[in-house]
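**Student:** sequence first, predicted coordinates after that:
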Amino acid sequence: MMSFRYYRRSRRGFTLLEVLVALTILSLGVVTLLQIFSLGLRLGARSAVRTESAAEGARVMDELLARKKLPEGGETGTLGGTGRWQAQVQTVNEPSSSLSLSKNWELKEVAVELYTLNGRRERLVDLKTFRLGKKGNP
């Protein structure tokens with residue numbers, strides 16, 4: 001009867017092999033979760049940089065369009081040490097026939113290229129729009 005009690009007591013816990021297998025499975029799960037979280041953080045940081053660049057480009061574009069007179073040709077500027085921008089204004093020679101503009105009006109294309117530094121890489125945000133104005137009063 002003594003050997004029966006000893007057998008019952010030894011089966012109450014886990015063996016060392018079972019503990020090692022369980023810890024291995026748990027550690028694989030934890031490593032996978034950490035990789036997923038780090039990837040999410042990197043994607044979030046990239047998204048924030050792109051959003052900030054697009055907002056800066058929209059701000060530069062708005063400043064250009066708020067002027068009464070658009071600069072014909074090109075214009076450049078800086079963004080407080082974090083980047084630079086370049087604007088091009090061109091008159092559209094043959095606008096779409098669906099616009100049916102009279103001879104007193106002209107259509108101008110405004111393009112802004114914004115270059116920002118993201119770590120070691122330079123990112124480009126390209127914005128384009130059109131502005132309709134009277135001839136002689138761009």
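**Tutor:** Perfect, thanks for sending it.
**Student:** hey, where'd the strands end up in this structure?
**Tutor:** Taking DSSP state E as the criterion, the chain contains strands spanning 73-78, 83-91, 105-118, 121-134.
**Student:** could I get those as CSV with mean neighbour count?
**Tutor:** C-beta: built from backbone N, CA, C; applies to glycine. Output for the strands of the chain, formatted as CSV (neighbours: other CB atoms under 10 Å):
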stretch, mean neighbour count
strand 73-78, 11
strand 83-91, 17
strand 105-118, 17
strand 121-134, 13
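**Student:** partners of D126 in the sheet?
**Tutor:** Note on D126: beta-bridge partners E113, judged by DSSP bridges.
**Student:** how far away is it from V110?
**Tutor:** As defined by CB to CB, to the nearest Å, D126 lies at a distance of 12 Å from V110.
**Student:** can you pull the pLDDT of M1?
**Tutor:** At M1, the model reports a pLDDT of 50.
**Student:** tell me which residue is most central in this structure.
**Tutor:** In the chain, the centroid-proximal residue (CA atoms, centre = their mean) is R50; its distance is 2.6 Å.
**Student:** hang on, the earlier thing: so can I have CSV of the strands of the chain showing distance to L20 and mean pLDDT?
**Tutor:** Written out in CSV, the entries for the strands of the chain read as follows (distance: least, CB to CB, whole Å; pLDDT from 0 to 100):
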stretch, distance to L20, mean pLDDT
strand 73-78, 60, 85
strand 83-91, 54, 89
strand 105-118, 44, 86
strand 121-134, 44, 86
